[in-house]
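Undergrad: Turn this into a model:
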Amino acid sequence: MIEWELFLQGPLFAVFLGNALIAVGGAVVGTFAVLRREGMLADVLAHAVVPGIGFAYLLSAQKELPVLALGAFLTALAAAGAVEVLRRMARLSEDSRLGVVLAASFGLGIVLLTLLQSRQEADQVGLWRFLFGQAAAVRVEDLPLIVAVTALSLLFVAIAFKELVAMAFDAEFLRTLPLPLQWVEVGYRVAVVAITVVGVQSVGALLIVGLFVLPPMAARLWVRRVPGMLVGSIAVALGAVVVGLGLSWNLPYVATGPVIVTAAAGMVLLSHLFAPHHGVLARVWGYGMRWLRRWDEHAHKLLYYGIERSGGECWEGPILRPEYRGGRAGAVLVLVWLWLRGSIRWEGRRRWRVTRLGHKRACQIVRRHRLWELYLERFFGVPADRVHLEAELVEHVLSPEIEERLQELLQRPEHDPHGRPIPPRQNG
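TA: Alright, predicted model coming up:
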């Protein structure tokens with residue numbers, strides 16, 4: 001167990017605070033990257049920082065984070081500019097442009113690190129850790145740079161929030177308006193680069209894209225508005241940092257950065273399963289409830305047909321069997337369902353009676369079915385022998401408002417195309 005006094009005063013607090021700030025900055029900026037479908041841009045920029053780190057050490061022979069971050073920042077900006085130049089000049093698709101810049105910059109970075117390794121310097125200064133990350137390497141001396149980058153990025157998002165949201169949803173239209181949006185685009189790119197540069201030390205160039213993409217993806221499944229998505233992204237990012245650091249402290253041979261990204265990916269999986277509107281379980285539940293509703297309406301329609309054929313609301317014997325084509329067992333199942341729903345009741349001696357509630361439900365579904373049949377025949381010229389199957393597909397989704405509109409269009413009809421009476425509206 002960790003002593004809290006030691007945690008707050010020792011290097012562990014610097015590790016936690018540094019990684020938490022990087023994760024928050026990546027989640028906030030990454031929210032707009034996800035909305036703009038530019039998640040892979042962060043991956044390209046992360047790979048582009050590797051040659052910058054190599055150049056910075058080669059020229060300065062210093063391994064301090066501000067020095068290495070400056071070199072990484074310049075090469076990442078160069079990579080972002082290269083992507084923009086290719087977009088304007090080359091006939092390449094978006095993924096091709098990103099792939100070209102990623103491969104070229106990362107290849108150059110590996111060449112530089114290999115040359116430094118041949119001089120036995122890359123291992124000494126720990127430059128290879130920028131590929132896979134070393135979250136525990138965040139020091140107290142690194143916090144001012146991390147705090148400054150994160151604070152400036154969050155301040156920019158707060159100032160340009162409306163413009164960022166608008167550009168995320170309709171950038172092409174905004175570019176046609178006489179608005180000074182160039183500074184917003186430049187600021188957004190710089191924020192992505194800056195968070196990438198300071199975050200690559202924590203989770204590495206190969207995994208930094210996870211801090212940009214995974215928290216917004218998890219949050220997006222729970223909310224419908226951008227402010228809620230930002231808050232949710234921050235919560236997921238902080239949760240991933242807590243889980244990652246907790247596991248790495250208890251499992252000392254497990255790398256912290258990859259665990260943080262893996263924890264964020266786990267939260268995305270949980271969101272896909274349990275999100276209330278877009279989760280897998282919610283969709284399965286919704287599908288099941290829609291199927292059950294259709295089954296219920298089909299059972300009540302069979303009940304109405306049975307009543308219509310027998311001429312009364314009280315009967316003896318298997319009244320539904322002639323209407324149900326699934327055989328005796330299926331008819332019994334429908335009968336049991338109607339009884340459980342309270343639509344019919346048992347009166348003894350094989351006698352059943354339709355309840356008031358059951359009669360209302362049966363009339364409602366048959367009324368919609370026959371109104372739609374008549375609508376198809378009159379307005380679309382569908383033959384009477386074909387309207388039944390067409391109406392079977394629509395009757396379950398007709399709302400009371402549409403039903404009333406059909407009544408007006410058809411001038412309050414009393415019979416369907418087959419000459420059968422249309423049930424009147426049931427009140428109460």
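
Undergrad: Would you map the helices across the stretch 51-200 of the chain?
TA: 65-89, 94-118, 122-125, 129-132, 143-159, 161-175, 182-203 (DSSP state H, counting those that start in this stretch).

Undergrad: Send me the fifth one as CSV with only the CA atoms.
TA: The reference is to helix 143-159. Presented in CSV, the C-alpha positions along helix 143-159 are these (Å, rounded to 0.1, in the frame of the first residue of the first chain):
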residue,chain,number,x,y,z
LEU,A,143,5.7,19.3,-14.5
PRO,A,144,6.1,23.1,-15.4
LEU,A,145,6.2,22.3,-19.1
ILE,A,146,3.4,19.8,-18.9
VAL,A,147,1.2,22.2,-16.9
ALA,A,148,1.9,25.0,-19.3
VAL,A,149,1.1,23.0,-22.4
THR,A,150,-2.1,21.5,-20.9
ALA,A,151,-3.2,24.9,-19.5
LEU,A,152,-2.7,26.7,-22.8
SER,A,153,-4.4,24.0,-24.8
LEU,A,154,-7.5,24.0,-22.5
LEU,A,155,-7.5,27.9,-22.6
PHE,A,156,-7.5,27.8,-26.4
VAL,A,157,-10.4,25.3,-26.5
ALA,A,158,-12.4,27.5,-24.0
ILE,A,159,-11.8,30.6,-26.1
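
Undergrad: Now for the residue nearest to residue 191 when sequence neighbours are not counted, how many residues are close by?
TA: Distance criterion C-beta to C-beta, 6 or more residues apart in numbering; nearest residue to residue 191, sequence neighbours excluded, is residue 153 at 4.3 Å. Glycine gets a C-beta too; all of them are placed from N, C-alpha and C. Neighbour count of residue 153, defined by other C-beta atoms under 10 Å: 24.

Undergrad: Isn't residue 153 up against residue 28?
TA: Yes - with contacts counted by C-beta atoms under 8 Å, residue 153 reaches residue 28, the gap being 6.9 Å.

Undergrad: After the helix or strand that contains residue 368, heading C-terminal, what element do we hit next?
TA: Secondary structure from DSSP states H and E places residue 368 in helix 356-380. Later in the chain than helix 356-380, the nearest helix or strand by DSSP H and E is helix 387-394.

Undergrad: Give me the buried positions along that following helix.
TA: 387, 390-391 (16 or more other C-beta atoms under 10 Å).

Undergrad: before we move on, the earlier item: by contact count, what packs against the helix holding residue 368?
TA: helix 280-310, helix 387-394, helix 400-409 (3 or more C-beta pairs under 8 Å, 6 or more residues apart in numbering; DSSP states H and E).

Undergrad: I'd like the buried residues of helix 387-394 written out as TSV, with pLDDT and distance to residue 140 added.
TA: Conversion of the buried residues of helix 387-394 to TSV gives the following (pLDDT from 0 to 100; distance: C-beta to C-beta, whole Å):
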residue	pLDDT	distance to residue 140
387	86	78
390	81	73
391	85	73
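
Undergrad: ok, of those, which one's closest to residue 58?
TA: residue 390 (74.2 Å; C-beta to C-beta).

Undergrad: Mind checking what secondary structure the closest residue to residue 39 other than its chain neighbours has?
TA: In space, and not counting its chain neighbours, residue 39 is closest to residue 213: 4.3 Å by C-beta to C-beta, 6+ apart. Put simply, residue 213 is helix when judged by DSSP: H, G, I helix; E, B strand; the rest coil.

Undergrad: wait, residue 213 sits on residue 34?
TA: Yes - counting by C-beta under 8 Å, residue 34 is a contact partner of residue 213 at 6.1 Å.

Undergrad: So these two - more neighbours on which side?
TA: residue 213 (25 against 22).

Undergrad: Contact partners for that one?
TA: Going by C-beta atoms under 8 Å, 6 or more residues apart in numbering, residue 213 touches 30, 33-34, 39, 42.

Undergrad: ok, now residue 344?
TA: Contacts of residue 344 (C-beta under 8 Å, 6+ apart): 303, 335, 338, 352-355, 358.

Undergrad: Max pairwise distance over the residues you listed: which two?
TA: Between any two of the contacts of residue 344 (C-beta to C-beta), the greatest distance is 13.6 Å, for 335 and 355.

Undergrad: In terms of neighbours, single out the busier of the two.
TA: Per other C-beta under 10 Å, whichever of residue 335 and residue 355 has more neighbours is residue 335, with 22 against 16.

Undergrad: Okay, and the more buried one sits in which element?
TA: Going by DSSP H and E, residue 335 is part of helix 328-340.

Undergrad: Can you point out the buried residues in that helix?
TA: So for helix 328-340, counting by 16+ other C-beta under 10 Å, buried means 331, 333-335, 337-338.

Undergrad: Next: stretch 406-422.
TA: Buried residues in stretch 406-422 (16+ other C-beta under 10 Å): 406, 410, 413, 416-417, 422.

Undergrad: ends of that stretch, how far apart?
TA: 12 Å (C-alpha to C-alpha, to the nearest Å).

Undergrad: so what's the backbone phi/psi at the nearest residue to residue 275 once chain neighbours are set aside?
TA: Spatial nearest neighbour of residue 275, excluding adjacent residues (C-beta to C-beta, 6+ apart): residue 221 at 3.7 Å. Here is the backbone geometry of residue 221 (degrees, to the nearest 10): phi -80, psi -10.

Undergrad: Just confirm residue 221 contacts residue 279, I think it does.
TA: Yes - if you go by C-beta under 8 Å, residue 221 and residue 279 touch, sitting 6.4 Å apart.

Undergrad: Next, the contact list for the residue nearest to residue 191, please.
TA: 25, 28-29, 191, 194-195.

Undergrad: Relative to residue 56, which of the contacts of residue 344 is nearest.
TA: residue 338 (77.5 Å).
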